[in-house]
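Novice: pasting a predicted model and its sequence here:
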Amino acid sequence: MTDFKDGVGKLIAEILKIDPKFELVCCLPVGKPVEEIKRVAKKPFEERAWFNLEN
């Protein structure tokens, strides 16, 4: 997380009431979803990844 342009880290730190002497470097949200998550079907591994091998 960086604050070079958008200041999001400082905003989140203010919302969470983090003491200004600390710098927020990462925000990891944890919890349980309100609704069940619908997962997207993945292609088989062989269709998603390949190796550049010389024959």
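Specialist: Happy to help now that I have it.
Novice: residues of the helix ranked longest in the chain that come out buried?
Specialist: Identified as the longest helix of the chain according to DSSP state H is helix 8-15. Along helix 8-15, the positions that meet the burial threshold by neighbour count (16 or more other C-beta atoms under 10 Å) are 9, 13. (C-beta placed from N, C-alpha, C; glycine too.)
Novice: ok, then the element right after that helix?
Specialist: Moving toward the C-terminus from helix 8-15, the first helix or strand encountered (DSSP states H and E) is helix 45-48.
Novice: which parts of that following helix are buried?
Specialist: Buried, per 16+ other C-beta under 10 Å, within helix 45-48: nothing.
Novice: need the residues that contact that helix.
Specialist: Helix 45-48 has contacts (C-beta atoms under 8 Å, 6 or more residues apart in numbering) with Lys42.
Novice: next one: that helix to chain centre, how far?
Specialist: 24 Å (C-alpha atoms, centre = their mean, to the nearest Å).
Novice: could you do stretch 25-34 as well?
Specialist: From the chain centre to the centre of stretch 25-34 is a distance of 9 Å (C-alpha atoms, centre = their mean).
Novice: quick one: average pLDDT of that stretch?
Specialist: Mean per-residue pLDDT for stretch 25-34: 86.
Novice: can you give me the end-to-end span of that stretch?
Specialist: 27 Å (C-alpha to C-alpha, to the nearest Å).
Novice: that concludes my questions; thank you for your assistance.
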